[in-house]
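[1] Sequence and predicted structure, then a few things I'm wondering about:
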Amino acid sequence: MKKSVSDRKGSSKKRILVLYYSQTGQLEQAVRSMLSPLEECPTVELVYENLQPKIPYPFPWPIIDFMDVFPESVYMDPPEMVPVGFDPDSHFDLVILAYQVWFLSPSLPVTGFLKSGAARVLKGRPVITFIACRNMWLTAQEKMKASLKSLGATLIDNVVLIDQGPAWSTFITTPRWLLTGKRGRFWRVFPPAGVAPGDIARAVRFGRALADSLDKLESAPGKPLLWGLGAVKVNPRFIAGEKIAHRGFSLWGRFFRMIGKQGNRLRRSLLVLYLLFLFCMITVMLPISIVVRALAQPFIRKRLQEGVLRLEEPSGSSTERMARYL
Ligand SMILES: Cc1cc2nc3c(=O)[nH]c(=O)nc-3n(C[C@H](O)[C@H](O)[C@H](O)COP(=O)(O)O)c2cc1C
């Protein structure tokens, strides 16, 4: 019997484009761990693309350079990018977009890609986003959702890995790692910086589930494939905090963009002052916000719960398929 066009499509090799930008290699390692089950799949072709800005960002970051990318990150002003190695007009069945968060926004190299001509590869394609960051990714992902929508892509899943340890410890360990390159445990109370190696290893469950469900890209287009695997977990305590912080970032970011472009001396000096201001604000506001949140909790519980469910879309935080794929 002759096969229909859709039958033929269903049985052909699946091409998956994996886009990533990572400075330390952690994000690349995590996304490769997730996709390792597909490496062995004869019916899958994985095409990895390391997104590169024309002028590389430093690592570890001198503090002044770190602050100097803040306004452009928040406003998603794209840097110039090295041309991509794949053909943006060729067909991919699925795109995996792995990104880090910079100042509650997608990192600048990823923004550079999203705003380049090569992003036309995403048009009409299903996309899985994959994030590895400290722990504040909610606003960045909302910005990513808007960008993908405007590019005509369909977000079908989101997987998030966050740095190990409680939030108070990563508030120290992550900046220490970024600004000095030192990653190890210290003073007994602070864990190593970055995502726990166990969490990176367990990302393999997503690849296994993906290998099992690639045919659904055609039979159930637009539907999540990675549900029931604890892909994300939204901490309701961070929702209001991120909103307030992003509002502040937008205001101050506009001011610094008005002063001058990246590299402008006056802007760089004022940005260091701003960092001190930010540090004082967080130190003063954190205890106040904990008290306010505790008082407001009974009145906003339902709204908060709705917000959590919305931000956890499309993959959700449930874990009923975890045992099957781990
Ligand atoms: C300039 C800059 C800003 C960052 N801002 C955030 C942030 O807002 N939220 C967050 O959770 N992590 C933030 N991070 C941490 C990164 O998301 C990421 O965890 C870290 O850069 C390591 O990524 P890599 O190992 O892939 O290079 C920031 C990192 C950099 C370099």
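    Received it, and whenever you're ready, just let me know what you need. Numbers count the residues shown, from 1 in each chain.

[2] Can you pull the phi and psi angles for L46?
    Backbone dihedrals for L46, given as degrees, to the nearest 10, come out at phi -100, psi 130.

[3] Quick check: the closest residue to V121 other than its chain neighbours vs P298, distance?
    Excluding its sequence neighbours, the residue lying closest to V121 (C-beta to C-beta, 6 or more residues apart in numbering) is P88, at 4.2 Å. In this view, the C-beta of every residue, glycine as well, is placed from N, C-alpha and C. Summarising the geometry, the distance separating P88 from P298, computed by C-beta to C-beta, to the nearest Å, is 51 Å.

[4] Pick out whichever of those two has more residues nearby.
    P88 (16 against 7; other C-beta atoms under 10 Å).

[5] Contact partners for the more buried one?
    With contact set as C-beta atoms under 8 Å, 6 or more residues apart in numbering, P88 has these partners: 117-121.

[6] Relative to A118, how far out is it?
    Looking at P88 against A118, where the rule is C-beta to C-beta, the gap reads 4 Å.

[7] Likewise for P42?
    In this structure, P42 and A118 are separated by 28 Å, where distance is defined by C-beta to C-beta.

[8] Those two - which one has more neighbours?
    Summary of the neighbour comparison: P42 and A118, criterion other C-beta under 10 Å, with A118 having more neighbours (21 against 6).

[9] thought the more buried one was touching V82?
    No - judged on C-beta atoms under 8 Å, A118 makes no contact with V82 at a distance of 10.5 Å.

[10] Can you name the residues of the stretch 101-250 of the chain that neighbour the ligand?
    Taking C-beta under 6 Å from any ligand atom as the measure of proximity, the stretch 101-250 of the chain contacts the ligand at 101-104, 132-137, 174, 178.

[11] Okay, and which of these map to strands?
    Filtering these for membership in strands, criterion DSSP state E, returns 101-102, 132-133.

[12] Pull the contacting residues for G152.
    With contacts defined as C-beta under 8 Å, 6+ apart, the neighbours of G152 are 122-124.

[13] Out of those, the closest to the ligand would be?
    L122 (20.9 Å; C-beta to the nearest ligand atom).

[14] residues contacting that closest one?
    95, 148, 151-153.

[15] rerun that using 6 Å as the cut-off
    Applying C-beta atoms under 6 Å, 6 or more residues apart in numbering, we find L122 in contact with 95, 151, 153.

[16] cool, G307 as well?
    G307 makes contact with I239, according to C-beta under 6 Å, 6+ apart.

[17] Which of the helices or strands spans it?
    Taking DSSP states H and E as the definition, one finds G307 inside helix 265-311.

[18] could you give the mean pLDDT of the next helix or strand after that helix?
    Scanning forward in sequence from helix 265-311 by DSSP H and E, the next helix or strand is helix 322-325. The average pLDDT for helix 322-325 rounds to 97.

[19] what about the helices in the stretch 1-150 of the chain?
    Along the stretch 1-150 of the chain, the segments classed as helices by DSSP state H, counting those that start in this stretch run 5-11, 26-39, 63-68, 70-75, 108-114, 138-150.

[20] on contacts alone, who are the packing partners of the third one?
    The reference is to helix 63-68. Taking 3 or more C-beta pairs under 6 Å, 6 or more residues apart in numbering; DSSP states H and E as contact, the helices and strands that helix 63-68 lies on are helix 265-311.

[21] relative to helix 138-150, how tilted is the helix it packs on?
    Counting by axes from the mean of the first three to the mean of the last three C-alpha atoms, to 10 degrees, helix 265-311 points 80 degrees away from the direction of helix 138-150.

[22] and helix 265-311, how far from the chain's centre?
    Between the centre of helix 265-311 and the centre of its host chain there is 20 Å, according to C-alpha atoms, centre = their mean, to the nearest Å.

[23] Got the domain ranges for the chain?
    The record's domain split for the chain, according to automatic domain parsing, is 5-234+313-325, 238-308.

[24] Mean neighbour count, the helices of the stretch 1-150 of the chain: which tops it?
    A comparison of the helices of the stretch 1-150 of the chain by mean neighbour count, using mean count of other C-beta atoms under 10 Å, puts helix 108-114 on top with a mean of 25.

[25] Put the alpha carbons of that helix into CSV.
    Coordinates of the C-alpha atoms in helix 108-114 are reproduced here as CSV (Å, rounded to 0.1, in the frame of the first residue of the first chain):
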residue,chain,number,x,y,z
LEU,A,108,22.7,38.3,25.6
PRO,A,109,24.2,35.7,23.2
VAL,A,110,20.8,33.9,23.1
THR,A,111,19.0,37.3,22.6
GLY,A,112,21.6,37.9,19.8
PHE,A,113,20.4,34.7,18.2
LEU,A,114,16.7,35.3,18.7
